[in-house]
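**Q** okay, here's the prediction I keep looking at, along with the sequence it came from:
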Amino acid sequence: MSGRVTQLWRYPVKSHGREALGEVTLTKAQTLPWDRVWAVAHDSSVADGSEWVPCQNFSIGTKAPSLAAINAELDEATGCVRLTHPEIGTLEFDPDTEGEKLVAWAGPLIPENRAQSERVIRASQRGFTDTPFPSVSLMNAASHKAVEDRLGHALEAERWRGNIWLEGFAPWEEFDWIGKRIEIGAAELEIKERVIRCKHTTASPKSGERDTDTLALLKDGWGHQDFGVYAEVTRSGLIKRGDKAKVL
């Protein structure tokens, strides 16, 4: 079973923007570089960056759908981030020293009846992915096409917020990979579990408005609420768009 890489994505600040990549070097037992390195803790959060905590401690798209429309650009040399949103414009800031700028800029996107953003924190050991292990998420383009077919029109793949997109496999085949390893470019990963989806995927990555009930689509069509799989890097290596992906 083999396919190829079509897209690579990272999310420097959790739930606050996405950035497309041409290539990336994965490191064994680590999250994708610069992925969810920072997160915005809300006023009820216990997070301080010293250890992994669940996503409920952060301002995320599940609670604030408008966040879904943020795009990001990270300058790896300086650690500075540039964010853009169709309603609130552009922000350039250093998350380590200017977190208050992000809190003020994105504050209008947080509903008043939700916990309010308070501070930006940096992960000290690994990115703030949604799993207690350092995960990299893999998405199957054929599964996305199956969702589009059931919906009856195109749907933005960005809704799924995956790290690595693959084509050349059968729809939902990725769920059969649990417990197996996959070689992508020079790297190797072990597939650990399905990605259980939340309301973040119902919001448009263009407008931030909830316009498609992706959860109902999954439940009614296939009897589950899952899309994509989480994997852990077992061999470090460079991967690029167009690289071969082979299930071992």
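**A** Perfect, thanks for sending it.

**Q** just checking, L189 touches V233?
**A** Yes: using Cβ atoms under 8 Å, L189 makes contact with V233 at a distance of 5.3 Å. Every C-beta, even on glycine, is put in place using the N, C-alpha and C of the backbone.

**Q** what is in contact with these two at once?
**A** In terms of Cβ atoms under 8 Å, 6 or more residues apart in numbering, L189 and V233 are both contacted by the residues L26, V136.

**Q** mind checking which of those two has more residues around it?
**A** For the pair L189 and V233, the greater number of neighbours falls to L189 (27 against 21), based on other Cβ atoms under 10 Å.

**Q** wait, a strand at that one?
**A** Yes: read with DSSP: H, G, I helix; E, B strand; the rest coil, L189 is one of the residues of a strand.

**Q** what's opposite it in the beta bridge?
**A** I182, V233 (DSSP bridges).

**Q** so what's it up against?
**A** L26, V136, L138, R181, I182, A231, E232, V233, T234, R235.

**Q** can you map out the helices along the protein?
**A** If DSSP state H is used as the criterion, the helices of the chain fall at 99-106, 141-151, 214-222.

**Q** would CSV of the ones you listed with distance to W165, mean neighbour count and mean pLDDT be doable?
**A** Output for the helices of the chain, formatted as CSV (distance: least, Cβ to Cβ, whole Å; neighbours: other Cβ atoms under 10 Å; pLDDT from 0 to 100):
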stretch, distance to W165, mean neighbour count, mean pLDDT
helix 99-106, 26, 18, 98
helix 141-151, 6, 17, 98
helix 214-222, 17, 16, 98
